[in-house]
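In: pasting the sequence and the predicted coordinates here, then a few questions.
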Amino acid sequence: MELKEITRPENLVYRRTPLMTDATLSYCPGCGHGTVHRLIMEVVEEMGIQEDTIGIAPVGCSVLAYDFMDVDFSQAAHGRAPAVATAIKRLWPNKFVFTYQGDGDLAAIGTAETIHACNRGENITIFFVNNGIYGMTGGQMAPTTLEGMKSSTSPYGRNNKTMGPPYKITELIAQLDGTHYVTRQAVHKPGPVRKAKKAIRKALEVQKEKKGISFIEFVSNCNSGWKMTPVDSNIWMEEHMFPFYPMGDIKVDGKLVNG
Amino acid sequence: MAKAKGAIVVDVERCKGCQICMVNCPTDTIGMAEEVNGKGYHYAYMKNPENCTGCTNCAVVCPDGVITVYRVKQN
């Protein structure tokens, strides 16, 4: 069969969603951010809520998220995205409001905003991309950096004694009454990507039903910060990140899965 | 037995050559080109086009969404 015969419009099974703009993504090759952006936009497209969706961009690598996702966007000061999302959601309770944050933004400088927004149970969705490092500023140690992991500010590896151990903010906020759906996903392989998309769909549906915060952590790679090739960084992530940040649902329908 | 025949089209200029599609291709269809694109990346291409089944695995993991997938059912 000739290539021309196969690539006819009626045989199309997958194309990039038109809700992603034509701007070239500013991320490094192999970075999970691009996949997460696309999955969110695919779900928004499937639910037909492009006109009613408002995103909040963070500070960090994904500060330009508003350039790539073709929905209304605002951009918040470092770590303050859940606070801005709270205001927008309270003014427009019927809009879909999500924040898109990295680990430096959400788990370090924005810890207070994150915890209090979750505790209040605002009807927003938080997408949290955790790559265990400050990517944009040059690979500094983040609160999520693993023990022994090298970064530009922990060149001999993170020492838990002097630097404190990494913490799992996702498990932390799952303890709060305001959270309704809390899960941890990954986007490095086709299987996890498909699962992650289902989780995004569920998160936005929880928001539609006004049940409280839905929170998805994506464990992702930072091949530039980790000083690896994209393929190696995904393998390293499976071997080192996943044992500490295990995949799966943590809280479903307001009930802890293992509680 | 019905067998699916597929093909991918790569947006060459947007491809960053990260190889994540290549390692996730179950049929060894994808390779990286010898040549580089305008940004200097070795872009993905169909090294073994006859192997492609149009499973979309490459497209769903592509961080830059540069892959379009087509599939035809054959008898």
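Out: Perfect, thanks for sending it.

In: close to chain B, is the worst-scoring helix or strand of chain A on mean pLDDT?
Out: Lowest on mean pLDDT, DSSP states H and E among the helices and strands of chain A sits helix A:3-6, with a mean of 87. Yes: Helix A:3-6 lies in contact with chain B when judged by CB under 8 Å from any CB of the partner chain; the contacting residues are A:L3, A:E5, A:I6. Bear in mind the C-beta positions are built from the backbone N, C-alpha and C, glycine included.

In: same question, stretch A:233-242
Out: Yes: Stretch A:233-242 is in contact with chain B by CB under 8 Å from any CB, via A:N234.

In: residues contacting the one residue in the stretch 51-200 of chain A that gets nearest to chain B?
Out: Residue of the stretch 51-200 of chain A nearest chain B, by CB to the nearest CB: A:P190 (4.1 Å). By CB atoms under 8 Å, 6 or more residues apart in numbering or on different chains, the contact list for A:P190 reads B:N24, B:T56, B:N57, B:V60, B:V61.

In: could you find the closest non-adjacent residue to A:Y66?
Out: Of all residues beyond its chain neighbours, the one nearest A:Y66 is A:F73 (3.4 Å), with distances taken as CB to CB, 6 or more residues apart in numbering or on different chains.

In: hang on, the earlier thing: quick one: pLDDT of the nearest residue to the residue of the stretch 51-200 of chain A closest to chain B once chain neighbours are set aside?
Out: Counting by CB to CB, 6+ apart, B:N57 is the residue found nearest to A:P190 once chain neighbours are left out, at 4.1 Å. On the pLDDT scale, B:N57 is placed at 96.

In: which residues sit in contact with B:N57?
Out: Going by CB under 8 Å, 6+ apart, B:N57 touches A:P190, B:N24, B:C25, B:P26.

In: how many residues are close by the third one?
Out: What that stands for is B:C25. Taking other CB atoms under 10 Å in any protein chain shown as the neighbour definition, B:C25 ends up with a count of 24.

In: that one against B:C58, yeah?
Out: Yes: applying CB atoms under 8 Å as the test, B:C25 and B:C58 come out as touching, 5.5 Å apart.

In: and A:K251, bridged to which residues?
Out: Assessed by DSSP bridges, A:K251 has beta-bridge partners A:V182, A:L256.

In: alpha carbons only: can I get stretch A:178-198 in PDB?
Out: Output in PDB follows, covering the C-alpha atoms of stretch A:178-198 (Å, rounded to 0.1, in the frame of the first residue of the first chain):
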ATOM      1  CA  GLY A 178     -11.500  20.300  51.000                       C
ATOM      2  CA  THR A 179      -9.900  17.900  48.500                       C
ATOM      3  CA  HIS A 180     -12.200  15.600  46.500                       C
ATOM      4  CA  TYR A 181      -9.900  13.900  44.000                       C
ATOM      5  CA  VAL A 182      -6.200  13.600  44.400                       C
ATOM      6  CA  THR A 183      -4.100  11.400  42.100                       C
ATOM      7  CA  ARG A 184      -0.500  11.000  40.900                       C
ATOM      8  CA  GLN A 185       0.200  10.200  37.200                       C
ATOM      9  CA  ALA A 186       3.100  10.200  34.700                       C
ATOM     10  CA  VAL A 187       3.400  10.900  31.000                       C
ATOM     11  CA  HIS A 188       6.500   9.100  29.900                       C
ATOM     12  CA  LYS A 189       5.000   6.100  28.200                       C
ATOM     13  CA  PRO A 190       1.800   5.500  26.100                       C
ATOM     14  CA  GLY A 191       0.000   3.600  28.900                       C
ATOM     15  CA  PRO A 192       0.600   6.200  31.700                       C
ATOM     16  CA  VAL A 193      -0.300   9.000  29.200                       C
ATOM     17  CA  ARG A 194      -3.700   7.400  28.500                       C
ATOM     18  CA  LYS A 195      -4.300   6.900  32.200                       C
ATOM     19  CA  ALA A 196      -3.300  10.500  32.900                       C
ATOM     20  CA  LYS A 197      -5.800  11.700  30.300                       C
ATOM     21  CA  LYS A 198      -8.600   9.900  32.100                       C
END
